[in-house]
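> can you look at this prediction? I've put the sequence above it.
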Amino acid sequence: MWSSRSPDTVARRRLRVLMITEGTYPYAMGGVSSWCDYLVRGLPEIDWEVLPIVGAGLANNSGMDVPANVKVKKPVELWSEGLPGWRWRRHGEPGLRLDLPYVLVRGLLCWNGDRDELTQALVWCQRRPHRVRNVFRNRGGWEMFLEGLREVCDERTDDAGQAPELDTYEAATLYQILYWVARAAAERVPRTDILHVTAAGWAGIPATVQKALYGTPVVLTEHGVYLRESYLAAVRSPASPGERFISTRLARGLARSAYDAADVISPVTDANASWEIGLGVDVAKIHVIRNGVDKPPEPTQAPNNHTVVAVGRVDPLKDVHTMLRVAAEVIARMPEATFRYFGPVTQGEEAYGRSCHDLHARLGLGDRFEFMGPTQDPNGVIRDADLVLMTSISEGLPMALLEAMSQARPVVSTGVGGVPEVVRGCGMVTAPGDTHALAQSVLTLLRNPQLASELGMRGHARVQRTFARSTSLTGYRELFERVASTAQAEAA
Amino acid sequence: MSPKDGPSHIRDLVEARLGRRPQDKLEAAVVLEAWGGVRPPGALDVAGDAVDRTQEPPARSVGNPRASKPRDKAVVAEGLSLLIAVVAVALWTLPFGRALGTDVWDGAVRLALPITLGGQWMLRSRYLGRPNGLECLRRDWVALFCLFAVGVDVAFMQGERELVALLLVVTWVGGTVLIRRGWGLVYVGLLVVVAVEVNLGVHPLSTLSATAAATLLMTVLILATTGSTTDAPGRPRRAVAAGLLGAGIGALLVLDTSVGWGSQGVLPALALVPSTAGSFWAGHHLWRFYDDVPRALAGVPVAEAEKVALRGPAIGVLGGAFGRLVCATAVLSVLALLAGAYVENPAAAPDSLTRVANVDLTPLPAVVAVKTDGAAGRVPLFVGFGLIALATLLISLLQSLGFASWALFSLACALAAEVGMTYWDAAPFNGIALVTGAAVAALVAIPPVLSLFSRPGRVLATILWIS
């Protein structure tokens, strides 16, 4: 694992860190945005610049308020109309690189794609930004791409099955996506001391280029695991085999490229670290820093009102359907039990939100299970309940659980991501999707207030001990200082 | 479920969850973790067992193109407004010609048309063709005001012809903003009122000034009441190219001196109606590109996409647009010519027309005091405008797909041809320069369009989506 010893030399001037986000901070609310906000506010001694990579139109959102030590740069808008600026051609550099789509499709989609070649292609985009569009509109570019795509589909490896035969529509879709990869690489990025990539996906593209060009150190923090979440999204979607192949292979290619560029990879939980190691990351690069919460208040007595709360977005990853079934089973055996779900429907998952309401009606839950919408006071709603329930199929290190433990409430959760690491001895963990086990755990705690209280108190103590905000922020402070001084030493 | 379970059990579990074989090891690992309760290191270790390693032929994938957003119904209202506006403006011709002198009116129209079309194309490219176009336009109001002030200064310094041209430009360009805002009926009403007033004897210049002022006021009102946006307007370079193209098409319309915009009564203006209608219908059809081409290519293997060539979806849509343009323009032109013939000499008109002509056409001679050499003499005008509509369709297509330089080239050839033809003393008929210029524009623009669209796979990937 990456060493977090105190740095020998700490830069005297203020550190400048470029945080590259993808569809999150500061334009969209959610776990990653809150985490970014927590980080920049918690480290005021750093001058942060934020480069958001967003889909067209997202930058119209009013976004979050940013503190004084943060400057938000002009966002990189994908699928938008703007063109990157003109730059002088350097001696010996090809004016029009028609093999660009070929290199990109092979580098990103092949199971064993050549990452050095990919990086060089991305660097060319940065040097010749105004030529990217010309390449992709060129017949030669399209033909080279088709050749590369054939090679991708013909690749045989033990870890991947036979690639599907893509149709022309899917091939054209992929071609357009690669164009936007090239456009993201072509965007001008400010020079800073450190590049902080917040997801191993599109956000890694500018960092890969900067690292290759100037050797700027890259810190990659993963709240969840980008690649795992991309696969989960693809598994659930009704997309064609070709579209699924494109989205997952592209995510894998982007993640591999970001992992490659990163000097340090800092997941929030050991579970994520296991994934990263499994994906081929050198264990020496990994440095786990867990999330933290403010010092918890004095524990309060549970109201003993048989109320179960959940706090989180209404999203397929939260598996709200399972929660509804758990509620149905619990209420059948304990009619006085009440469930309250606090959180908005994720943007773009409105259909899933409707399906939850349909299932709610089919199960006849009535007012025993209520969708309460977003809350401004998660701690308050947790305090007013007897226990906190979480049925997610994917998690990083969920803040909702840390907040529950801060309020001395026991937790019943599925054991995904960093959950077992957090809950350890302070709640009940079951297999994901196991409705019966989850319902049984909820009933056990509702029927045994003494046990519930004991688990809650253990959680309260554990949060203070292991998940203190100050510990987490100190971890990041030391990490950035260490990376900067190492880079300075190497440059000297 | 545990990693100690055998490979077949792991494969069964993954396939049961997915309803198919996993695509690769990572997909299997994700399923094992999310639904099988296997912790990450174990999930990745055993996931390889679920991968199918048989050498079966690859499954054919069929993409699922998403339908693009349907066009706003307001587009149809916009087209109708445009047509009525053309008719109404045509009815201004005689009274304005009488009041200002045909030279002044003719000169003003020749000046105003290219400027108006240039302005309209530029506005559409940079602002009005976008979802938040009016909001973007509002943001740039200072620049627009300066441009307007310069125009006013120049017009006042020049003379009456330039002043009339300025009033026409303000009225027509402002009308584009009004129509975009959904005030097409108000705008058309204004033009119709002017037509009635000037034909009833109210002084045209004061009426036109009042109309321009009212249009300007409404435009300012629209911009003042429009919300704000952070959306970027269209690129300046593209807007300038669009403006040049619009102005070029306007020049194509007016460069032929044998077509008198003031001296030949309402005919030139009315002759625009068939081609305007055809052009609008064809342009509306072209929007199908964004749906038809992806849909037609879903399920077609990449290797076979280029084989459909001329039978391809892109050419199909283009052909459909061409057919609509030609049919609408031809039918309406014939009707207009027959109506003109009937008005001039009801006895000579075809029987079929006189039979259906229960319509009272008697008011027409009062306004259609056309000095032409009969129906045969008008045909080149209708043909010329029809060809200009075709050239406009092709040029706007090239421009919208990012080939503005091709479009400019074809327009430059056309203008050169038209100017050259105006110097031909022995021209066999009036309007030959107009017909030649328009034909050259269409002929030069057709090959690149056909060449692009005969490769449907490529057109989708490199042109429709990367424009």
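Nice, thanks for sending it over. All values derive from a computational prediction rather than experimental measurement.
> could you tell me the end-to-end distance of stretch B:40-56?
30 Å (CA to CA, to the nearest Å).
> now the spatially most central residue of chain B: phi and psi?
With distances taken as CA atoms, centre = their mean, B:Gly283 lies nearest the centre of chain B, 5.4 Å away. Note on B:Gly283: its backbone torsions stand at phi -60, psi -40 [degrees, to the nearest 10].
> report pLDDT for it.
Note on B:Gly283: pLDDT of 87.
> surely it touches B:Ser396?
Yes: contact status for B:Gly283 versus B:Ser396: in contact at 7.3 Å, counting by CB atoms under 8 Å. Glycine gets a C-beta too; all of them are placed from N, C-alpha and C.
> on the three-state scheme, A:Trp180 is what?
Secondary structure, DSSP: H, G, I helix; E, B strand; the rest coil: A:Trp180 is helix.
> surely A:Val123 is in a helix?
Yes: using three-state DSSP, the secondary structure at A:Val123 is a helix.
> tell me which element the nearest residue to it once chain neighbours are set aside is part of?
The spatial neighbour of A:Val123 that comes closest, neighbours along the chain excluded (CB to CB, 6 or more residues apart in numbering or on different chains), is A:Ala212 at 5.1 Å. A:Ala212 belongs to helix A:204-214 when elements are defined using DSSP states H and E.
> the longest helix along chain B and chain A in contact?
Of all segments of type helix in chain B, defined using DSSP state H, the longest is helix B:313-344. No: shown here: helix B:313-344 not in contact with chain A (CB under 8 Å from any CB of the partner chain), separated by at least 10.5 Å.
> packing partners of that helix?
Here helix B:313-344 touches helix B:267-286, helix B:289-297, helix B:351-356, helix B:363-367, helix B:374-400, helix B:432-453, helix B:456-458, going by 3 or more CB pairs under 8 Å, 6 or more residues apart in numbering or on different chains; DSSP states H and E.
> taking helix B:289-297 as reference, get the angle to that helix.
140 degrees (axes from the mean of the first three to the mean of the last three CA atoms, to 10 degrees).
> what residues sit buried inside helix B:313-344?
Buried residues in helix B:313-344, defined by neighbour count with 16 or more other CB atoms under 10 Å in any protein chain shown: B:313-318, B:321-322, B:324-325, B:328-330, B:332-333, B:336-342, B:344.
> quick one: buried residues of stretch A:300-312?
Buried residues in stretch A:300-312 (16+ other CB under 10 Å): A:302, A:306-312.
> any idea which of the residues you listed is closest to A:Tyr175?
Each of the buried residues of stretch A:300-312 was scored against A:Tyr175 by CB to CB, and A:Gly312 proved nearest at 36.9 Å.
> tell me the contacts of that closest one?
Counting by CB atoms under 8 Å, 6 or more residues apart in numbering or on different chains, A:Gly312 touches A:318, A:342-343, A:390, A:392, A:398, A:400.
> mind running it again at 6 Å?
Going by CB atoms under 6 Å, 6 or more residues apart in numbering or on different chains, A:Gly312 touches A:318, A:343, A:400.
> of those, the lowest pLDDT goes to which?
A:Ala400 (88).
> okay, now that residue: neighbour count?
24 (other CB atoms under 10 Å in any protein chain shown).
> does it lie in a helix or a strand, and which?
Going by DSSP H and E, A:Ala400 is in helix A:399-406.
> still on that earlier bit, redo the helices and strands packed on helix B:313-344 as a markdown table? Include distance to A:Cys110.
As requested, these are exported to a markdown table (distance: least, CB to CB, whole Å):
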| stretch | distance to A:Cys110 |
| --- | --- |
| helix B:267-286 | 38 |
| helix B:289-297 | 24 |
| helix B:351-356 | 70 |
| helix B:363-367 | 73 |
| helix B:374-400 | 36 |
| helix B:432-453 | 31 |
| helix B:456-458 | 22 |
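> ranking these by burial, who's on top?
Greatest average neighbour count among the helices and strands packed on helix B:313-344 goes to helix B:456-458 (a mean of 27), per mean count of other CB atoms under 10 Å in any protein chain shown.
> average model confidence for that helix?
Over the span of helix B:456-458, the pLDDT mean works out to 83.
> same thing with stretch A:290-297?
Rounded to a whole number, the mean pLDDT of stretch A:290-297 is 89.
> using PDB, write out every CA atom in it.
Listed next in PDB are the C-alpha coordinates belonging to stretch A:290-297 (Å, rounded to 0.1, in the frame of the first residue of the first chain):
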ATOM      1  CA  ARG A 290     -12.200   6.400   4.900                       C
ATOM      2  CA  ASN A 291     -14.900   9.000   4.900                       C
ATOM      3  CA  GLY A 292     -15.600  10.800   8.200                       C
ATOM      4  CA  VAL A 293     -18.400  12.500   9.900                       C
ATOM      5  CA  ASP A 294     -18.400  15.300  12.500                       C
ATOM      6  CA  LYS A 295     -18.100  14.500  16.100                       C
ATOM      7  CA  PRO A 296     -21.400  12.800  17.000                       C
ATOM      8  CA  PRO A 297     -23.700  14.300  19.500                       C
END
